[in-house]
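**Q** Take a look and give me a structure for this.
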Amino acid sequence: MNISKELKQKLIEYSDEIASKKDFLSIHTNDEKGREKDKIGISQYRTLAEIASNIDSYDEFELYIKYKESKRNGWDNIFDGMKYGDKIIEYMRKIKNDATEDILPKALSLFFGYLYWQSSYRVKPIRTDASQNNTGFGKQNNNSKNGNKYYNSNKR
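**A** Predicted structure coming up:
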């Protein structure tokens, strides 16, 4: 049940084709938990990767993507001329044609994992020094360079 290097490369190319489209940033949220109602949180790709690795039926998984699209939480946004969920299904069908049935769950899982990686570096904001100093709970982060009293920037 190993996936060939060629198929892995194709999956990476598919994820890059999606993530490099100009609409990609506009339909995603920087909030990893996806709390912006009409945008997709990038952690959803991790969840989809996990679900894909355990699917019993490709059709069932495709139906799940259609369900996500119907919830109107970003998956119905227009992306490259169609609903984003439909675009993802288009790529899932390509993967189904590229992979044998025994490795299809693994291939789909890798695809969504690659989409997670793509969105992580393309969508997530670059953290500023101010955000690195704050733990998010109103407390100073003593492990960051700027908040660590023992950190000496002259020692490199």
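**Q** Could you look up the SS state of Trp75?
**A** Look at Trp75: counting by DSSP: H, G, I helix; E, B strand; the rest coil, its state is coil.
**Q** which helix of the chain spans the most residues?
**A** helix 104-122 (DSSP state H).
**Q** residue boundaries of the helices in the chain?
**A** Taking DSSP H to define them, one finds helices in the chain at 5-19, 24-27, 43-53, 58-70, 84-98, 104-122, 129-133.
**Q** In terms of secondary structure, what does the first one contact?
**A** The one in question is helix 5-19. Applying 3 or more Cβ pairs under 8 Å, 6 or more residues apart in numbering; DSSP states H and E, we find helix 5-19 packed against helix 84-98, helix 104-122. Just so you know, the C-beta spots here come from the backbone N, C-alpha and C atoms, and that holds for glycine as well.
**Q** what's in contact with the longest helix of the chain?
**A** Residues outside helix 104-122 that contact it (Cβ atoms under 8 Å, 6 or more residues apart in numbering) are 1, 3, 7-8, 11-12, 14-16, 18-19, 24-25, 28, 42-43, 45-46, 48-50, 52-55, 58, 61, 91-92, 95-96, 98-99.
**Q** buried subset of the residues you listed?
**A** 3, 7, 11, 14-15, 18-19, 24, 28, 42, 45-46, 48-49, 52, 55, 58, 61, 91-92, 95-96, 98-99 (16 or more other Cβ atoms under 10 Å).
**Q** Quick check: pLDDT value at the residue nearest in space to the middle of the chain.
**A** Among the residues of the chain, Tyr116 comes closest to the average C-alpha position under Cα atoms, centre = their mean, at 2.5 Å. pLDDT recorded at Tyr116 is 96.
**Q** what does Lys5 give?
**A** Reported pLDDT for Lys5: 97.
**Q** Also the one 10 residues further on?
**A** The per-residue pLDDT reported for Ser15 equals 98.
**Q** now Asn141
**A** pLDDT at Asn141 comes out at 49.
**Q** And for Ile65?
**A** At Ile65, pLDDT is 97.
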